[in-house]
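Colleague: give me a 3D structure for the following:
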Amino acid sequence: MQQNELFKPSLAAFIFFMLSLIFFGYYKLSDETYTYLQYAKNIATTGEISFNPGERTYDFTSPLWLGMMAAGSSMMKDITNTPQALSLIWSIASIFVWYYILKRYFKKVPFLLLLLPALDPNLLRQANLGLETSLAFFFGSMLILQMLLRDESPEWKNTRIAVTGGLFFLVRPESVLLFAIILWYLYFRKKASKKDMAIMKGIFLAIIIPWHVFAYQYFGRVLPTTLLTSIANMSWEARLWESVLLFVMSYGALLLIGVFVLVNNKTSESAATGTDNPSTRAMLPVSLFLSIPVIYIVFYVLVPYKVNVPAQNYCTVIPFLTAAIIVLLYKLRTTQKWFNLATALVLVQFLVISAYTGYAEKKSYVIAGRVDEEIVSWVKSNTPQESKIVSRNTGKLAFMTDRRFIEAPESSETNPAPGINENQIAEHFYKQRPEYYIGDSLIVGNILGDLGSATEKIIFTYNDYLPRLGNRESASPGKITVFELYWKDHNH
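Modeller: Residues are numbered from 1 along each chain as shown. This next block holds a predicted model:
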């Protein structure tokens, strides 16, 4: 290995790190990250996998990310540093994976191409939020590298892909769709025999089944509530439009370059072989990789999901779009001017999107942080330690206050938990009898039904803040309200 071989990926990683701080350094973890931290804290203190002590709930998406966070937290004095450290580690690891992907195509890896994953706006944004999305980006990138290595290094080729796919599933369960697409491609392109397919499926199942058996025995369910709780208030047409718009804003330049090269160069998959390196016969399925983001957008829109526009989940599939575009840019390598211009165009769009997003979100994020601090302070000062509190966002509040928090329904059209319909919402909360609700009056009516009453206590107001606890147009701008709940006697 040459002494300076890793200089380029190291420089790209440094640029990634600096830009993540410049654009999104004000991020102090997300509410979902605090949910993981709450689980990690309870694992360390009680040995239970629970959000509220003594209540076994499967309210986290990635068991692998939770395991890493629990392990990392045991080694850090302040466990709130663990999520961001893990996100940065796996993001930087992804950049090094991309260096080895590009080596399959170029004797000397073009630095501009290596900046494509390093400047990805979603990866930059997620690096400071501490969620599992950076690990999803890593495993997506690893799947691409393992596909390239099947021909170059056939030893353990099936095991490598299956293990990557299985671990990927434990990060984002919907990645099973991606793994199935890849297996379909390998089989129908005669890159994998029936025996290969059986081996890969067997290894994949051997990795994911033990966790699901444990989850069913421990939680009474095999999939997390984060995947099954439907809060899709928008129509599927509106969600499709919003998803496509958000996707094009971030990756429009990539798509335009792909279309341009396909039309003008008549690119084919067989032409995308790394002939710059005679020892390499790497080939990536450009059309398949271009279609994967489309398939996932349709999947997220049509399947009831936890969020209306899963922007952060693009980290699951963006590596495949990036790989397809790199192969198409490879066709422009004989015209250096066009090659550099096309790559620079994408990088400029990435920088503009990151700068705009960072600037646009900073004010609301900082205000929301102040709001959270006020709520935490009020809860600590005005509620008993054993209180049960209903709130729309529960992760940070539970972690910071050590109270028991129950997630509120988002509206009358949605469910607080799988299997609870609109008519059962009040019954659902009556069984738990929380003492307080933080949010707006419209939601508290759904929680209580005719089984209780509430008194209103206003914590504070901000003129420039629209409550995200409830996040409804009918909520009063700047008003954060706590309702003290009183439950009637009720015979079931």
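Colleague: use CA for all of it now, contacts and neighbours both
Modeller: OK.
Colleague: okay, now the residue lying closest to Tyr58 once chain neighbours are set aside: neighbour count?
Modeller: Distances taken as Cα to Cα, 6 or more residues apart in numbering place Pro224 nearest to Tyr58, at 5.1 Å, with adjacent residues excluded. Counted with other Cα atoms under 10 Å, the neighbours of Pro224 add up to 18.
Colleague: ok, Pro224 touching Asp59?
Modeller: Yes. If you go by Cα atoms under 8 Å, Pro224 and Asp59 touch, sitting 5.6 Å apart.
Colleague: ok so, going back, need the phi and psi values for the residue nearest to Tyr58.
Modeller: phi -70, psi 150 (degrees, to the nearest 10).
Colleague: contact partners for it?
Modeller: By Cα atoms under 8 Å, 6 or more residues apart in numbering, the contact set of Pro224 is Tyr58, Asp59, Phe60, Thr61.
Colleague: pull out the buried members of the residues you listed.
Modeller: Taking 16 or more other Cα atoms under 10 Å as the criterion, what is buried in these is Tyr58, Asp59, Phe60, Thr61.
Colleague: can you read off the pLDDT for the third one?
Modeller: Right, Phe60. Per-residue confidence at Phe60 stands at 90 (pLDDT).
Colleague: quick one: it is in a strand?
Modeller: No. Counting by DSSP: H, G, I helix; E, B strand; the rest coil, Phe60 falls outside a strand, being coil.
Colleague: tell me if I'm right that it and Thr225 touch.
Modeller: Yes. The criterion here is Cα under 8 Å, and Phe60 meets it with Thr225 at 7.5 Å.
Colleague: residues touching the spatially most central residue of the chain, list them.
Modeller: The residue lying closest to the centre of the chain (Cα atoms, centre = their mean) is Thr133, at 3.8 Å. Each residue near Thr133 by Cα under 8 Å, 6+ apart is listed here: Ser87, Leu123, Gln126, Gln312, Asn313, Cys315, Thr316.
Colleague: make it 6 Å
Modeller: By Cα atoms under 6 Å, 6 or more residues apart in numbering, the contact set of Thr133 is Cys315.
Colleague: pass me the low-pLDDT residue ranges in the stretch 51-200 of the chain, would you?
Modeller: Nowhere does the stretch 51-200 of the chain drop to pLDDT under 70.
Colleague: and with 80 instead?
Modeller: Low-confidence segments of the stretch 51-200 of the chain, defined by pLDDT under 80: 151-154.
Colleague: equivalent analysis for the stretch 301-450 of the chain, please.
Modeller: Across the stretch 301-450 of the chain, the ranges flagged by pLDDT under 80 are 301-314, 325, 327-340, 364, 367, 409-424, 439-443.
Colleague: all helices of it, in order?
Modeller: Secondary structure of the stretch 301-450 of the chain (DSSP state H, counting those that start in this stretch): helices at 318-330, 336-382, 395-401, 425-432, 441-448.
Colleague: winner for burial among these?
Modeller: Across the helices of the stretch 301-450 of the chain, the average number of neighbours (mean count of other Cα atoms under 10 Å) peaks for helix 318-330, which reaches a mean of 23.
Colleague: quick one: residues in contact with it.
Modeller: Helix 318-330 has contacts (Cα under 6 Å, 6+ apart) with Gly140, Ser141, Gly258, Val286, Phe289, Leu290.
Colleague: quick revisit: need the contacts of Pro224 in a markdown table (columns: distance to Asp450).
Modeller: Shown next, in a markdown table, are those (distance: Cα to Cα, whole Å):
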| residue | distance to Asp450 |
| --- | --- |
| Tyr58 | 30 |
| Asp59 | 28 |
| Phe60 | 32 |
| Thr61 | 34 |
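Colleague: of the residues you listed, closest to Asp440?
Modeller: The shortest approach to Asp440 among the contacts of Pro224 belongs to Asp59, at 23.6 Å (Cα to Cα).
Colleague: pretty sure that closest one sits against Thr225.
Modeller: Yes. Asp59 lies in contact with Thr225 (Cα atoms under 6 Å); the separation is 5.3 Å.
Colleague: how many other residues sit next to Ala127?
Modeller: Neighbour count for Ala127, taken as other Cα under 10 Å: 30.
Colleague: on that earlier part again, narrow the contacts of helix 318-330 to those that are buried.
Modeller: Buried by 16+ other Cα under 10 Å: Gly140, Ser141, Gly258, Val286, Phe289, Leu290, out of these.
Colleague: could I get the pLDDT score of the third one?
Modeller: Looking at Gly258, its pLDDT reads 67.
Colleague: ok, the last one next?
Modeller: On pLDDT, Leu290 comes in at 79.
Colleague: so who does it touch?
Modeller: Going by Cα under 6 Å, 6+ apart, Leu290 touches Leu321.
Colleague: now swap in the one 3 residues further on and tell me
Modeller: For Pro293, the residues meeting the contact criterion (Cα under 6 Å, 6+ apart) are Val317.
Colleague: any idea how far Lys107 is from it?
Modeller: Per Cα to Cα, to the nearest Å, Pro293 is found 29 Å from Lys107.
Colleague: now swap in Trp241 and tell me
Modeller: To Lys107, Trp241 is 41 Å away according to Cα to Cα.
Colleague: now do Gly439
Modeller: Distance, Gly439 to Lys107, by Cα to Cα: 58 Å.
Colleague: so between these two, which is more surrounded?
Modeller: A side-by-side neighbour count of Gly439 and Lys107, using other Cα under 10 Å, places Gly439 first with 25 against 13.
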